[in-house]
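Chemist: Here is my input, please return the structure:
(one chain, ligands or ions: 1)
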Amino acid sequence: MNIGIVGLGLIGGSLGLDILASDQDNYVWGISRNPETCKQAVEIQAVNVASTDITEIPDRILSQTDIIIICTPIAAILPMIAALAPKLNSNVIFTDVGSVKAAIAEPASKICQQFGQRFVGSHPMAGTAFQGILAAERHLFQNRPCVVTPSKSREAVEKVRSLWQSVGMNVYECSPEEHDRAVAMISHLPVIISASLINACQQQEDAIVLKLAQNLASSGFRDTSRVGGGNPELGRLMAEYNQSALLRSLQTYQQSLQEAIALIKNKQWEQLEAWLANTQSERPFYVVEDYVAES
Ligand code: NAP
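Modeler: Now for the predicted structure:
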């Protein structure tokens, strides 16, 4: 396959590494904003060729492109598709990796339609706390879920589905709206909760206790603070582009926190234990691996 990756950061770079390593017939060209990023992407073999300017990618390569994956921050996805679509053949399929889908899928499909091209939204649910091309890593997507949203062209959906499966992902199809409501609960809400945890700890006024807490923080704090310590730009964009679903999730979370506060305040220890027993029994429905590894 001939694949274009636009935005050579953690996701774009990791994807290029796996696509090139998975099949020697694959060819990957890349576009990024910073010339140094393009150079590094070629050096680490995330792409065969890269440039900040699509006109520098030879026509013989562009004309054979099967799929273009937009891996920029969310705000740049639609402008990037609008800029690239006129320069590419009508048989090209566009997809993206943005962590919101409703704000992207419909306008992106409309842009692509003007040029006879097809758009299929994607969201590979994989990441680390790092960003940029030097954070790119092999096997980032292995065994992780990926959402693919519908298109009028079943063939386009199947091609995008196969691409994600080729890097080891488990693909789920759903509407952009269902995607946004689900990720508000399990991805966007945790970022805000985790960031609030770090923020609350920083409000400790006793400098000795604060320093001690920082020294004592171990695996539990590492697990619960990880996503709150990630890329601030991504966090801001997912809140901005998925505002209503995230607010609904935050309000539900606030009610849940109030329940816990009331139980503790009223010394309802048995009820608190029952409340925690319930969350203990529900967690395996969300996080399977821990339990598979232990059993
Ligand atoms: P990242 O590491 O910061 O990479 C984004 C890259 O896009 C940057 O390295 C930058 O490259 C390039 N870029 C930025 N603006 C651009 C523009 N206008 N034109 C061309 N290139 C541009 O971020 P990421 O984590 O890979 O996230 C990228 C996308 O993946 C986002 O849409 C996000 O929603 C989605 N996503 C992220 C995660 C995650 O956990 N990180 C998971 C799933 C999906 P330069 O160095 O050239 O400036």
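
Chemist: Tell me how many other residues crowd whichever residue of the stretch 101-250 of the chain sits closest to the ligand.
Modeler: Closest residue of the stretch 101-250 of the chain to the ligand, Cβ to the nearest ligand atom: Gly127 (2.0 Å). No exception for glycine: its C-beta is placed from N, CA and C like everyone else's. For Gly127, the neighbour count with other Cβ atoms under 10 Å is 21.

Chemist: where does the nearest residue to it once chain neighbours are set aside land on pLDDT?
Modeler: Closest residue to Gly127 apart from its sequence neighbours, by Cβ to Cβ, 6 or more residues apart in numbering: Leu10 at 6.6 Å. Leu10 carries a pLDDT score of 97 in this model.

Chemist: and what of Asp223?
Modeler: 94.

Chemist: which secondary structure element contains it?
Modeler: Under the criterion DSSP states H and E, the helix or strand holding Asp223 is helix 219-225.

Chemist: Need the nearest residue in space to Ala182, chain neighbours excluded.
Modeler: Cys174 (7.5 Å).

Chemist: for the one you found, what are its contacts?
Modeler: Val147, Thr149, Ala182 (Cβ atoms under 8 Å, 6 or more residues apart in numbering).

Chemist: do the longest helix along the chain and the ligand meet?
Modeler: Counting by DSSP state H, the longest helix found in the chain is helix 243-265. No: on the criterion Cβ under 6 Å from any ligand atom, helix 243-265 is out of touch with the ligand, staying 13.7 Å away.

Chemist: which other helices and strands contact that helix?
Modeler: helix 176-183, helix 189-202, helix 269-282 (3 or more Cβ pairs under 8 Å, 6 or more residues apart in numbering; DSSP states H and E).

Chemist: returning to that earlier point: give me phi/psi at the residue of the stretch 101-250 of the chain closest to the ligand?
Modeler: With angles defined as degrees, to the nearest 10, Gly127 sits at phi -180, psi 170.

Chemist: Surely it and Gly9 touch.
Modeler: No: between Gly127 and Gly9 there is no contact under Cβ atoms under 8 Å: 10.5 Å.

Chemist: what number of residues lie near the residue nearest to Gly127?
Modeler: Neighbour tally, Leu10, other Cβ under 10 Å: 24.
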